[in-house]
Each structure stands twice: as structure tokens, then as C-alpha cells.
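Asks: predicted model, plus sequence, below.
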Amino acid sequence: MSSTDTAVSGHAITDPATRSRFLEAVRFDSRGLVPVIAQADGTGEVLMMAWANAEALEETLATGRVVYFSRSRNALWRKGETSGQVQYLVDLRLDCDGDTVLALVRQEGVACHTGRRSCFFRALRDEALTPISAPEADPEALYGHKHGH
């Protein structure tokens, strides 16, 4: 990887100046957050959308494990810390406006708290919002309690 290559290829970015350049380009909202879309490397499947603050993006780049910001807990959310369903960073990309991040990830297990591979499992079918994929894991086994949806 050249010094001008901003892609993360399965490894942490060890150079703090390189991580800083990425963070400086991000346009965070008034709450200090930016939306992050997680996409499965190789298949292109959109797995989930979550929020990140600068600290979450910094840790993601520094460690190679995807970290988000949980608005409900008002704390960092290290994907997989309670469920074991970890996301490993392959590439971190910033859109043209700097206000949305795309994380290409290697997903271990399922991405959705409902036990499905993707959070985008509901679609209009026969004039109704219908699940189009079944859970692959039991949410109770992953989290110790049931999740809705």
C-alpha cells in the first residue's frame, strides 16, 4: 500500500497522521456524528447502517475492528463485543461530500440484532412490509434477551 492510498486492507492504520487526514475530511453533524454504512466485502451486500463519532472512526482505523457510536447508550459500540458478531475492516471510504462513511467489512456471523445477516430484511411484498430473509442466529443466544422486529 502506498503512502497516498487511503484504503485500509484488513490491517490497522498505524500512522496517526494518516488516520488524522481521514478524520479531518469527515463532515460530522451538529451532534458530532456521521452515518456509516457497512457493506460486505466481496458480495457488496449492505449489512447495516450505524453512527460513528471521531473517536469511533479513530479506533476503527487504529485497530481494524469496526467501532460505532451508540446513541441510546451514549457510548462507543465495538461491533461484536457482546454478541461475538465482529466486523473486521477491509476498507474505509468517504463519500464526495464527506458526510457519509462506507465501511467495507468482513462480517463474522450476522450483522443484525434480529439474528439476520443484514438489517435490511424487510421489503414490500403483496402490498405489505414483509421479512424477506430468516434469522440465521438466535438473538437470545447472541445477546441474552429477545430483540424485536
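Replies: Okay, I see it.
Asks: quick check, central residue of the protein?
Replies: With distances taken as C-alpha atoms, centre = their mean, residue 38 lies nearest the centre of the chain, 4.2 Å away.
Asks: next up, the contacts around residue 76.
Replies: 55-56, 59, 67-70 (C-beta atoms under 8 Å, 6 or more residues apart in numbering). Using the backbone N, CA and C atoms, a C-beta is placed for each residue, glycine as well.
Asks: ok, of those residues, which come out buried?
Replies: 56, 59, 67-69 (16 or more other C-beta atoms under 10 Å).
Asks: burial count for the nearest residue to residue 70 once chain neighbours are set aside?
Replies: The spatially closest residue to residue 70, leaving aside those adjacent along the chain, is residue 77, at 4.0 Å (C-beta to C-beta, 6 or more residues apart in numbering). For residue 77, the neighbour count with other C-beta atoms under 10 Å is 19.
Asks: beta partners of residue 77?
Replies: Residue 77 forms beta bridges with residue 68, as assigned by DSSP bridges.
Asks: ok, now how distant is it from residue 111?
Replies: Shown here: residue 77 relative to residue 111, a distance of 13 Å by C-beta to C-beta, to the nearest Å.
Asks: what helix or strand does residue 106 sit in?
Replies: Element membership of residue 106 [criterion: DSSP states H and E] is strand 101-107.
Asks: okay, helices next: where are they in the chain?
Replies: Remark: helices assigned in the chain by DSSP state H are 16-25, 54-63, 139-143.
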